[in-house]
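*Asks:* next come a sequence and a model predicted from it.
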Amino acid sequence: MLSTSSKNSRVFALVDCNNFYASCERVFRPDLREAPIVVLSNNDGIVIARSNEAKALGIGMGEPYFKVEGFIRKHGVHVFSSNYTLYGDMSHRVMEMLRQLEPEVEVYSIDEAFMALPAGKKFDLTAHGREIQATVKRCTGIPVSIGFAPTKTLAKLASRIAKKDPALGGVFDLTACDDVDALLAATEVADVWGIGRRSTKKLSTRGIRTVLDLKHANDAWVRKQLTVTGLRTVWELRGIPCIALDDAPAPKKGIVTSKSFGRRVESLAELTEAVATYAARAAEKLRAQGGIAHSLHVFINTNRFKPELPQYSNSVTMTLPEPTASTPVLIRHALLGLNRIYRPGYEFQKAGVMLTDIVPSSQRQGNLFERERGDSGLMRALDRINVRWGRDTVQYAVSGFKREWDFKRLQLSKAYTTRWDQLPVVKASF
DNA sequence: TCTGGGGTCCTAGGACCC
DNA sequence: TCTGGGGTCCTAGGACCC
């Protein structure tokens, strides 16, 4: 039921970029070094990242921008739309740096990485952590926090502690801690990796509130209530590694491209542009991982936050005749699907395309009656042009050119690191 | 006026098989 | 009144993550 690692002689580290998106913006705006900054989601909808100064002002994570806009203006908070081109590239730089410093790195998310280090060698992990921290900062400009512990779950907890306690300077080694249980007793169960809102509620009915309570919870009960995932978490809290380092992540099983619209969309014509755009984007991602998809799912829905308007949401799954990564084929089927589910008279808020049943393109089954021999050469050329000259340098006409429905990004910063025409300019005065 | 996007893993239950 | 047992595969939905 539980698989435990035999390599108990290792220590896990979690490296976490502090306030990542805000820190990325700050790298290219040194004038904002101590200023409050927030970064918004697509459509400038909600707050998704805050600098420490913004946190101190009491701006919450996930707060709708329109609710805090006045407050933000009053306190001179700097606002950025999310610039994923920039954050993706900065993330890449940080991860490359970590790989140079440590052989075993698992990129866990855009701003976090796990690492596995040999332990027991009378090795000062805290000092080592400070070195990593200083190197990443010097080479990328991004501040990080690091936690060391015998399991991934504890390493996550350690990095949280490293970040929260200013006296620690962003590095915390749980393996060198004299009284781990006291620390666990002072931490709420909701702060544990893998314990979300629902589980927190279930646990509290049993009087389990602190991480220490959870560590000593009854296995059978946890297994029943929180499934094997929950039990694994509990064992990890006890220092038994159940989640291995995954330094070669599997290719994605599903690829989703979906976005809320920047304004009201009712017509089939506009939905057609949007769905074709998302299908093309999903196809690009699919080719980038060398896959082909056998199914395609299209969905549209109205705004559930406006219950006073007529509501409609629907989706359809299309099985493709052949697994493919061809943009025109995927667009064609996505639009067939859209035509089946579209109904006039609604104000749509969101649409999306999902590709599933993905296999590596090398596993493609030939088909005796296939008419088109495929357009992989064309797709390769398309991708190369768009990588070299920027997204949508070449695109399909059906995706539209003005895209008035596209999401709002009123406060977008520049693509400082990925476009020649947007490189930062440094002026020296003597 | 204004509420993100993209993933993973697990379970229960139904369909189907011998 | 009676109606097997055991298995696989698929899907939808829940929960969680950043």
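*Replies:* Arrived safely.
*Asks:* how about the helices of the stretch 1-150 of chain A, start to end?
*Replies:* A:20-27, A:52-56, A:65-74, A:84-101, A:125-140 (DSSP state H, counting those that start in this stretch).
*Asks:* contact residues of chain A facing DNA strand B?
*Replies:* A:41-43, A:45-46, A:48, A:62, A:64, A:66, A:227-229, A:250, A:252-260, A:285, A:303, A:305-306, A:349-350, A:352, A:407 (Cβ under 7 Å from any atom of the strand). For the C-beta atoms, the positions are set from N, CA and C on the backbone; glycine is no exception.
*Asks:* and with 6 Å instead?
*Replies:* Taking Cβ under 6 Å from any atom of the strand, the part of chain A that reaches DNA strand B is made up of A:41-43, A:45-46, A:48, A:62, A:64, A:66, A:227-229, A:252-260, A:285, A:305, A:350, A:352, A:407.
*Asks:* got a quick PyMOL command for the buried subset of the residues you listed?
*Replies:* To isolate the buried ones among those in PyMOL, judged by 16 or more other Cβ atoms under 10 Å, type:
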select buried, chain A and resi 41+42+43+45+46+48+255+257+258+259+260+350+352+407
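*Asks:* the residues of chain A next to DNA strand B in strands, which ones?
*Replies:* A:Ile48, A:Ile255, A:Val256, A:Thr257, A:Ser258, A:Lys259, A:Ser260, A:Lys350, A:Gly352 (DSSP state E).
*Asks:* mind listing what the closest residue to DNA strand C within chain A touches?
*Replies:* Nearest to DNA strand C, among the residues of chain A, is A:Gly196, at 2.2 Å (Cβ to the nearest atom of the strand). Taking Cβ atoms under 8 Å, 6 or more residues apart in numbering, we find A:Gly196 in contact with A:Ala190.
*Asks:* how confident was the prediction at it?
*Replies:* Per-residue confidence (pLDDT) for A:Gly196: 94.
*Asks:* distance of it relative to A:Thr233?
*Replies:* Per Cβ to Cβ, to the nearest Å, A:Gly196 is found 11 Å from A:Thr233.
*Asks:* ditto for A:Thr200
*Replies:* 12 Å.
*Asks:* between these two, point out the one with more neighbours.
*Replies:* Using other Cβ atoms under 10 Å as the criterion, A:Thr200 and A:Thr233 rank with A:Thr233 on top: 24 against 16.
*Asks:* please see if the helix or strand that contains the more buried one touches DNA strand C.
*Replies:* Assigned by DSSP states H and E, A:Thr233 belongs to helix A:219-237. No. Judged by Cβ under 6 Å from any atom of the strand, helix A:219-237 and DNA strand C are separated, with a smallest distance of 7.4 Å.
*Asks:* what's in contact with that helix?
*Replies:* A:1-2, A:4, A:151-154, A:184, A:192-195, A:199, A:202, A:206, A:211, A:214-215, A:217, A:242-243.
*Asks:* which of those are buried?
*Replies:* For those, buried by 16+ other Cβ under 10 Å: A:151-154, A:184, A:192-195, A:199, A:202, A:211, A:214-215, A:217, A:242-243.
*Asks:* please point out which parts of the helix holding A:Thr233 sit buried.
*Replies:* A:Val222, A:Arg223, A:Gln225, A:Leu226, A:Gly230, A:Leu231, A:Arg232, A:Thr233, A:Val234, A:Trp235, A:Glu236, A:Leu237.
*Asks:* now it: mean pLDDT?
*Replies:* For helix A:219-237, the per-residue pLDDT averages 94.
*Asks:* cool, and stretch A:408-418?
*Replies:* pLDDT averaged over stretch A:408-418 gives 87.
*Asks:* stretch A:284-296 too?
*Replies:* Here the average pLDDT along stretch A:284-296 is 91.
*Asks:* so the residue of the stretch 51-200 of chain A found nearest DNA strand B versus A:Gln411, what's the distance?
*Replies:* Using Cβ to the nearest atom of the strand, the closest approach of the stretch 51-200 of chain A to DNA strand B is made by A:Phe66 at 3.3 Å. As judged by Cβ to Cβ, A:Phe66 and A:Gln411 stand 14 Å apart.
*Asks:* now do the contacts for A:Thr140.
*Replies:* A:Thr140 neighbours (Cβ under 8 Å, 6+ apart): A:Val27, A:Met90, A:Arg93, A:Val94, A:Met97.
*Asks:* can you redo these as CSV with distance to A:Thr356, neighbour count and pLDDT?
*Replies:* CSV is the format used below for these (distance: Cβ to Cβ, whole Å; neighbours: other Cβ atoms under 10 Å; pLDDT from 0 to 100):
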residue, distance to A:Thr356, neighbour count, pLDDT
A:Val27, 37, 17, 95
A:Met90, 30, 26, 96
A:Arg93, 32, 16, 96
A:Val94, 31, 26, 97
A:Met97, 34, 21, 97
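*Asks:* and those residues, which two are furthest apart?
*Replies:* Farthest pair in the contacts of A:Thr140 (Cβ to Cβ) is A:Val27 and A:Met97. Separation: 13.7 Å.
*Asks:* show me what contacts A:Asp181?
*Replies:* Contacts of A:Asp181 (Cβ under 8 Å, 6+ apart): A:Leu212, A:Lys215.
*Asks:* please redo it, this time with the cut-off set to 6 Å
*Replies:* A:Leu212 (Cβ atoms under 6 Å, 6 or more residues apart in numbering).
*Asks:* buried ones in stretch A:280-298, by neighbour count?
*Replies:* A:280-284, A:286-287, A:291-298.
*Asks:* closest to A:Asn19 out of those?
*Replies:* Closest to A:Asn19, out of all of these and judged by Cβ to Cβ, is A:Arg281, at 27.8 Å.
*Asks:* any regions of chain A where pLDDT drops low?
*Replies:* Within chain A, the stretches with pLDDT under 70 are A:1-8, A:120-122, A:365-374.
*Asks:* residue boundaries of the strands in it?
*Replies:* A:10-17, A:37-40, A:47-50, A:78-81, A:105-109, A:112-118, A:144-149, A:171-173, A:255-265, A:291-302, A:313-324, A:348-360.
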